[in-house]
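[1] I would like to see how this sequence folds:
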Amino acid sequence: MHGYHGRYLRIDLATGQGTAIPLSEDVLRRVLGGAGLGTWLLLKESGAGYDALAPAAPLVFAFAPLAGTALNTTAKAAVVCKSPLTLRLNDAMISSVFALAGKATGYDALVVVGSRAGLNTLFIDGAEVRIEATPQLAGLSAREAEQGIRARWGEQWSVAAAGPAGEARVPFATLSHDGRHAGRGGAGAVLGSKGLKAIAVHGSARTTVADTAALDRLRQELKLASLGAGTEKYRTTGTLGNLLVFNRIGILPTDNFRGFSGAAAEGLSAERLFAEGKVVRATCADCMIGCEKRVVDSAGVQTRVEYENVYALGPLIGNWDMALVLEASRRCDEVGLDTITMGGTLAFAKECVERGLLDMPEIAQPAAGYLLTAIDRTARRAGAGALLALGSRALARHVGQGSEAFAPHVKGLELPGYHPGALQTLALGFAVGSRGADHNKSSAYDLDLSGKVERFALDVERIAAMVQLENDATLMDSLILCKFVRRAVRDLYADGAAMVAAVTGWVLTDGELRAAARRIHHLKKLFNQRQGWSASEDTLPARFFTAPAGACLPAQAGPADRSAPTIDAAQFQVARSRYYELRGWGPDGVLHTDPDVLRDLRLS
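    Next comes the predicted model:
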């Protein structure tokens, strides 16, 4: 089977045994790989309403047909599990060599179940599976754990590890490899719940291709596209280049979404960092884009700098000190915490303190000492960090007193750096997202910023285009292609079908890929339904529907009479109903699991 190995490896940590289980061509054609295969396996290996941190809870690493072919931007794997933060589907991407080495083990996915006492590392080398007790790695960052494993067992190992937050089962703990993170949703906590610090992979299985000449041509075309205008922003300033643009057009959230721009934003900009000559470029394996930018300090220490971590640990919590933002971001990466959830929870807690709802006065100002201490304590659930480790949804339930109205999450996942009132197509995308508020599972903001729709309102005419953008993202996460090439390829479905055909030898149409994207989205919905989803979750915090979210602070956002835009609740409900209709779900948003639907999804 070209492009695939036709099997996955199921590892039971309780017994230490790995079992190879066949994957048919029929299944692989229907769910492809990555997020599609990972979700299918999660459904296959789990039941309804299970505990995300229970020993039986599966943790899936799913590879993809294009990985290992040297096609540009394909060195990614999907990490799929039930999120301990949202209690819904979590499908995160992890980049670079781990994906290639994982596929070289000779399997299309790794499914880890069970648990082991103590702190351990799981080693997978082709058919060989072994578990080593590694108590010496306790408390180390993911990077330090990687280095320690290679120093002890050899440089051939590619390692995905959790930091101290994963060991403490903080529900927004990350899982990381080589400074890249499966960052959102708590995959690191699931790893820690199994008594694992890390998973190390190695193998020699090759990814064979059906048509070398066709693949070489497609590889060259994708390489050139990756160096074109569609990726220029990412190659030059990285995602932080968005910050000043978003600030100028009023979509940069500040002070827990009470504001939407800030006069001090210039000090947090990519332009400032580049002018100071502090930025170096990094890249994933098999990638020409090099979107990752790192700031180097006088001691040579590098800190990842992206729009989302700067937004979440800066404007969102009222912090406009770039040095402190970078140090807080570096500290989150060290201890293994998702920066967006950390920032969102801090912003929420700070507003609760200001309203007199929470006795945690030290976070009212993001002073360097406390901000960094709060991150460290959250990772270890120590002191006030035990409350912050809940995330904003669970913390709001603890605080009560109406605080749920301004806790910045959807389905428990904190909102990324786009003000929903100013990007209302994206706001609906956040609300209905299978993972919660996630800008990576839909580029609905492309519609809002296209000039073709009114971004401060919602109408049903745009919903079909929004559904298509969701399907596009689902396809890219399943093939896997980096989202940053979405504007570089000529036709995602035609080009994707050509790539899959060259790799696998299948006679494949773009229509089959469109059907696969829809099917995979149904699988995500079905998983969430089995875990207790209801339509009441497909919404936004009440703050965005009620009175204006609060006048912007004059010192930060210009005229004091400017208020954050809000969403018309009636328009939102109509648009959501149209979304359900176009998805083929019932008026209540339910995918009805009749035998015909299950047969199409190949789950019965």
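
[2] And the helices in the stretch 201-350 of the chain?
    212-226, 232-236, 242-248, 270-275, 307-313, 322-335, 339-354 (DSSP state H, counting those that start in this stretch).

[3] Could I get the buried residue list for the shortest one?
    Read that as helix 232-236. Buried positions in helix 232-236, judged by neighbour count with 16 or more other CB atoms under 10 Å: 233-235. Any C-beta I mention is one placed from the backbone N, CA and C, and that applies to glycine too.

[4] got it, and the fourth one?
    Using 16+ other CB under 10 Å as the test for burial, helix 270-275 gives 270, 272-274.

[5] chain center to stretch 247-262: distance?
    On the basis of CA atoms, centre = their mean, to the nearest Å, the separation between the geometric centre of stretch 247-262 and that of its chain is 22 Å.

[6] pLDDT weak spots in the chain?
    Of all residues in the chain, those with pLDDT under 70 make up the ranges 365-368, 546-563, 594-597, 603-604.

[7] hey, which helix is longest across it?
    Here the longest helix in the chain is taken by residue count, with DSSP state H as the criterion, and it is helix 510-530.

[8] Residues touching that helix, excluding its own?
    Outside helix 510-530, the residues within contact range by CB atoms under 8 Å, 6 or more residues apart in numbering are 29-32, 35-36, 39-40, 42-43, 47-49, 88-89, 91, 434, 470-472, 474-475, 478, 491, 493-494, 496-497, 500, 533, 583, 585, 590-591, 593, 597, 600-601, 603.

[9] again, but for stretch 147-158
    Judged by CB under 8 Å, 6+ apart, the contacts made with stretch 147-158 from elsewhere in the structure are 97-98, 100-102, 121, 123, 132, 134, 136-137, 140, 159, 161, 177, 198, 200-202.

[10] can you check stretch 292-301 too?
    With CB under 8 Å, 6+ apart as the test, stretch 292-301 has contacts from 237-238, 240, 270, 273, 278-284, 302-306, 326, 330.

[11] Tell me, how many residues neighbour the closest residue to residue 226 other than its chain neighbours?
    Excluding the flanking residues, the one nearest residue 226 by CB to CB, 6 or more residues apart in numbering is residue 288, at 4.5 Å. Residues lying near residue 288 (other CB atoms under 10 Å) number 16.

[12] so who does residue 288 touch?
    Residue 288 makes contact with 72-73, 223, 226-227, according to CB under 8 Å, 6+ apart.

[13] Which one (most neighbours) among those?
    Using other CB under 10 Å as the neighbour definition, these reach their maximum at residue 73, which records 28 neighbours.

[14] Report the spatially nearest residue to it, omitting neighbours in sequence.
    Of all residues apart from its sequence neighbours, residue 482 sits closest to residue 73 (CB to CB, 6+ apart), at 3.6 Å.

[15] How many residues are close by the one you found?
    By the other CB under 10 Å criterion, the neighbourhood of residue 482 contains 24 residues.

[16] Distance of it relative to residue 440?
    Noted for residue 482: a distance of 11 Å to residue 440, by CB to CB, to the nearest Å.

[17] cool, residue 261 as well?
    From residue 261 to residue 440 the distance is 23 Å (CB to CB).

[18] So for these two, which sits in the more crowded spot?
    When residue 261 and residue 440 are compared on other CB under 10 Å, the one with more neighbours turns out to be residue 261, at 23 against 18.

[19] wait, that one sits on residue 253?
    No - Residue 261 is not in contact with residue 253 according to CB atoms under 8 Å; the separation is 9.1 Å.

[20] residues near residue 586, how many?
    Residue 586: 12 surrounding residues under other CB under 10 Å.

[21] The nearest residue to it once chain neighbours are set aside: which element?
    If the residues on either side of it in the chain are set aside, residue 586 comes closest to residue 592, at 6.0 Å by CB to CB, 6+ apart. For residue 592, there is no host helix or strand (DSSP states H and E).

[22] Residue 592: neighbour count?
    When neighbours are counted by other CB under 10 Å, residue 592 registers 11.

[23] Ok, residue 358 next?
    By the measure other CB under 10 Å, the count of residues near residue 358 is 21.

[24] can you tell me the helix or strand for it?
    Since the elements are taken from DSSP H and E, residue 358 ends up inside neither a helix nor a strand.

[25] Look at residue 569 and say how many residues are nearby.
    Residue 569: 14 surrounding residues under other CB under 10 Å.

[26] Not counting sequence-adjacent ones, nearest residue to it?
    Leaving out its chain neighbours, residue 569 is closest to residue 545 (CB to CB, 6+ apart), at 4.6 Å.

[27] From residue 571, how far off is that neighbour?
    As defined by CB to CB, residue 545 lies at a distance of 10 Å from residue 571.

[28] Quick check on those two: which one has the bigger neighbour count.
    Set side by side, residue 545 and residue 571 give different neighbour counts by other CB under 10 Å, the larger being at residue 545 (18 against 15).

[29] Can you tell me how far the residue nearest to residue 226 is from residue 440?
    Summarising the geometry, the distance separating residue 288 from residue 440, computed by CB to CB, is 21 Å.

[30] Check residue 289 too.
    Relative to residue 440, residue 289 is positioned 16 Å away (CB to CB).

[31] quick one: which helix or strand includes the closest residue to residue 208 other than its chain neighbours?
    Nearest non-adjacent residue to residue 208, counting by CB to CB, 6+ apart: residue 2, 5.0 Å away. Using DSSP H and E, residue 2 maps to neither a helix nor a strand.

[32] and residue 2, how many neighbours?
    One way to gauge burial is a neighbour count; for residue 2, by other CB under 10 Å, it gives 15.

[33] Go through the contacts of residue 288 and say which is closest to residue 372.
    When the contacts of residue 288 are compared for distance to residue 372 (CB to CB), residue 73 comes out closest, at 34.2 Å.

[34] From what I see, that closest one and residue 289 are in contact.
    Yes - in this structure, residue 73 sits in contact with residue 289. The criterion is CB under 8 Å, and the distance is 6.8 Å.

[35] which neighbours do the two share?
    Any residue near both residue 73 and residue 289 by CB under 8 Å, 6+ apart counts here, and that gives 226, 482, 484-485.

[36] Looking at those residues, which is nearest residue 57?
    Closest approach to residue 57 among the shared contacts of residue 73 and residue 289 (CB to CB): residue 482, at 28.6 Å.

[37] domains of the chain?
    For the chain, whose domains are defined here by automatic domain parsing, the residue ranges read 7-202, 239-400, 420-601.

[38] Strands of the stretch 301-450 of the chain, start to end?
    If DSSP state E, counting those that start in this stretch is used as the criterion, the strands of the stretch 301-450 of the chain fall at 302-305, 409-410, 413-414.

[39] any chance of those strands in a markdown table, plus mean neighbour count?
    Written out in a markdown table, the entries for the strands of the stretch 301-450 of the chain read as follows (neighbours: other CB atoms under 10 Å):
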| stretch | mean neighbour count |
| --- | --- |
| strand 302-305 | 20 |
| strand 409-410 | 26 |
| strand 413-414 | 30 |
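
[40] Residue 460: which of those strands is closest?
    Minimum separation from residue 460 across these (CB to CB) falls at strand 409-410, 20.9 Å.

[41] what lines up beside the closest one in the sheet?
    For strand 409-410, the pairing partners within the sheet under DSSP bridges are strand 413-414 (antiparallel).

[42] can you list the residues that contact the partner strand?
    By CB under 8 Å, 6+ apart, the list of residues contacting strand 413-414 from outside reads 83, 85-86, 184-185, 312, 340-341, 343-345, 391-392, 408, 435-438.

[43] mind running it again at 7 Å?
    Counting by CB atoms under 7 Å, 6 or more residues apart in numbering, the neighbours of strand 413-414 from elsewhere in the structure are 85-86, 184-185, 340-341, 344-345, 392, 408, 435-438.

[44] cool, stretch 587-603 as well?
    For stretch 587-603, the surrounding residues in contact (CB under 7 Å, 6+ apart) are 26-27, 30, 43, 519, 522-523, 525-526, 529, 535, 538, 577, 580, 585-586, 604.

[45] go again using 10 Å as the cut-off
    Contacts made with stretch 587-603 from outside it, assessed by CB atoms under 10 Å, 6 or more residues apart in numbering, are listed as 24, 26-27, 29-31, 40, 43-44, 432, 515, 518-526, 528-530, 533-538, 576-577, 579-581, 583-586, 604.
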